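[1] pasting the sequence and the predicted model now:
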Amino acid sequence: MKKILGVFLIILIAVSCNSQKIYSDFDISYSKSGGYAPSYENLLIKGNDVHYSFEGQGKKIKKSFKISNEDLKKLDETLSKNNFKRIQEDHKKVYDNITISISVKKGVNEGSKNDGSMIMPNFKTNWENITAGFQEIINNNVKN
């Protein structure tokens, strides 16, 4: 009986550790969180696999889905066309703001940006275009 319990415990630990891998092993991530009534939205892309989660406003959503090569290419083009790597973050202190963070871990657009302290005015349109690209993926694949 002790052996069965031991094997079960080892399997449980292995599964628990593996489930966190989703949140660290990604190519592209989009995260939106904070505000007066905090909500947390995450979109993690690894290859064609996407993991989406939302928690807030009395809702809790978790969904995994596949993204097409065309949608991935469109997102990459949006990042490139809007000079993701060149976007400059402001350094003002902003509190209770909903913050969007984007991290790209591979490809020509590799980098990480967030608007927690706002985006410099001359890059605001670029940032809005990029965040709209992520929101389009969410809207097309997640039914609330």
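    Good, I have the coordinates. Numbering: from 1, shown residues only.
[2] ok, which stretches of this structure are helices?
    Under the criterion DSSP state H, the chain contains helices at 2-19, 69-81, 124-141.
[3] comparing these, which gets the lowest mean pLDDT score?
    In terms of mean pLDDT, the lowest-scoring of the helices of the chain is helix 2-19 (a mean of 52).
[4] roughly how far does the closest residue to residue 80 other than its chain neighbours sit from residue 140?
    In space, and not counting its chain neighbours, residue 80 is closest to residue 109: 6.0 Å by CB to CB, 6 or more residues apart in numbering. All C-beta spots, glycine's among them, are computed from the backbone N, C-alpha and C. Between residue 109 and residue 140 the distance is 21 Å, computed by CB to CB, to the nearest Å.
[5] for residue 93, what are its contacts?
    residue 117 (CB atoms under 8 Å, 6 or more residues apart in numbering).
[6] for it, what are phi and psi?
    The phi/psi pair for residue 93 (degrees, to the nearest 10) reads phi -90, psi 120.
[7] I'd say the residue nearest to residue 80 and residue 83 touch.
    No. Using CB atoms under 8 Å, residue 109 and residue 83 do not qualify as a contacting pair, with a distance of 9.1 Å.
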